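Enquirer: any chance you can model this:
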Amino acid sequence: MQIFDLTPDPALGPDVARHAGHPLTPLELRSFGGGQHKLRPLVSVRGEDVFVLSALNAGDGLSVNDLLVRLLFFIATCRDHGAERVTAVVPWLPYARKDRMTKARDPISSRYVAQLFDAVRTDVVITIDVHNQAAFQNGFRCQTVHLDTCRLFSNEIAARAGEAPVTVMSPDGGGLKRAELLRQSVELVRNKPAGFAFMEKHRSGGVVSGHLFAGTVEDHEVWIVDDMIESGETMLRAARACRERGARSVHLMATHMFCGAEDIGRLKDPAIDTVTVTDTTGRTADLPDLRIHRLSVAPMIGQCLARMHQGQAVSPVLDPSGMTR
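Expert: Numbering: from 1, shown residues only. Here you go, the predicted model:
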């Protein structure tokens with residue numbers, strides 16, 4: 001087993017390796033003129049089960065495309081040098097939102113990314129809380145493993161909510177299934193009912209509309225969940241709607257965080273009590289607001305890698321009840 005870390009975040013890779021029970025394998029990265037690079041493993045990978053961890057969000061002067069090409073080249077290098085199996089571990093999968101045509105002559109970028117991974121002979125792709133799980137599973141010819149933060153988030157809600165009544169909410173129709181799965185998990189962990197709510201949202205030309213609100217939030221702790229926070233506008237809109245309907249407190253939860261300084265300011269709105277995110281993008285260490293809670297996905301990823309290497313099912317890593325789904 002070899003674990004290579006291509007992630008700029010200095011903490012995520014070592015934490016994943018520690019939970020996998022195997023140290024990181026050394027590699028060499030050299031940069032050349034014109035933005036070119038060379039990556040190579042510093043030990044033999046022949047016959048090895050290789051896992052390559054890479055956070056593909058832009059940062060440190062590198063674009064999403066730069067990081068994606070580095071990952072693809074490194075996977076191809078490992079296959080060329082005899083690796084038995086190569087697994088790409090991509091906590092956030094870029095271009096996953098563009099999984100269908102919404103206008104004439106639109107690209108289907110998620111499918112093109114899948115074709116790139118297939119082209120370099122990737123055996124398995126692991127990601128976390130992808131935007132559209134069906135598109136992710138259907139777009140790749142290789143094996144896919146989809147991890148989710150349901151257990152991580154439900155444990156966090158149970159620990160912080162105490163005995164207060166809880167409602168789990170989706171800020172738009174696209175996240176209904178995600179929010180419902182979290183609601184069910186919260187009920188299992190707390191052993192008491194949890195409410196469910198959602199809000200209508202339509203986006204056209206950058207303008208958001210829709211005012212339908214379903215669910216009871218009055219005097220409840222409301223936890224609004226989504227796969228990512230980018231501008232924060234959708235979450236803030238839902239939080240204000242909850243406050244108008246008498247919510248006791250409003251908390252945001254998202255797996256992936258892509259907020260700049262202006263967006264962080266939006267999340268400080270009085271309608272929002274706390275924001276809970278994970279370290280999939282490696283951005284959380286720089287967030288100054290004390291209301292932002294940070295959870296690590298390293299234990300989940302590390303346990304998944306260990307179980308895969310041992311030929312075991314990964315479902316126990318996901319399900320809080322111990323039941324596969």
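
Enquirer: which strands or helices does the helix of greatest length in the chain pack on?
Expert: When the chain is scanned for its longest helix (criterion: DSSP state H), the result is helix 64-80. The contact analysis (3 or more C-beta pairs under 8 Å, 6 or more residues apart in numbering; DSSP states H and E) places helix 64-80 against strand 37-41, strand 49-53, strand 85-90, helix 109-119. C-beta coordinates here come from the backbone N, C-alpha and C atoms, glycine included.

Enquirer: show residues contacting that helix.
Expert: For helix 64-80, the surrounding residues in contact (C-beta atoms under 8 Å, 6 or more residues apart in numbering) are 4, 6, 27, 35, 37, 39-41, 45, 50, 52, 54-58, 86, 88, 90, 94, 113, 116-117, 119-122.

Enquirer: that helix vs strand 37-41, what angle?
Expert: On the basis of axes from the mean of the first three to the mean of the last three C-alpha atoms, to 10 degrees, helix 64-80 is oriented at 40 degrees to strand 37-41.

Enquirer: hang on, the earlier thing: among the helices and strands packed on helix 64-80, which comes closest to residue 217?
Expert: Distance to residue 217, taken as C-beta to C-beta, is lowest for helix 109-119 among the helices and strands packed on helix 64-80, at 33.5 Å.

Enquirer: may I see the buried residues of the closest one?
Expert: 110-111, 113-114, 117 (16 or more other C-beta atoms under 10 Å).

Enquirer: tell me how far it lies from the chain's centre.
Expert: Its chain's average C-alpha position is 19 Å from that of helix 109-119, according to C-alpha atoms, centre = their mean, to the nearest Å.

Enquirer: using CSV, write down the CA coordinates of it.
Expert: Only the C-alpha atoms of helix 109-119 are listed here, as CSV (Å, rounded to 0.1, in the frame of the first residue of the first chain):
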residue,chain,number,x,y,z
SER,A,109,-18.1,19.1,-18.0
SER,A,110,-18.5,16.4,-15.4
ARG,A,111,-18.5,13.7,-18.1
TYR,A,112,-15.4,15.1,-19.7
VAL,A,113,-13.6,15.0,-16.3
ALA,A,114,-14.6,11.3,-16.0
GLN,A,115,-13.2,10.6,-19.5
LEU,A,116,-9.9,12.2,-18.4
PHE,A,117,-9.6,9.9,-15.4
ASP,A,118,-10.5,6.9,-17.6
ALA,A,119,-7.9,7.9,-20.2
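
Enquirer: hmm, who's touching that helix?
Expert: With C-beta under 8 Å, 6+ apart as the criterion, helix 109-119 contacts 68, 72, 75, 88, 93-99, 125, 132, 135-136, 139-142.
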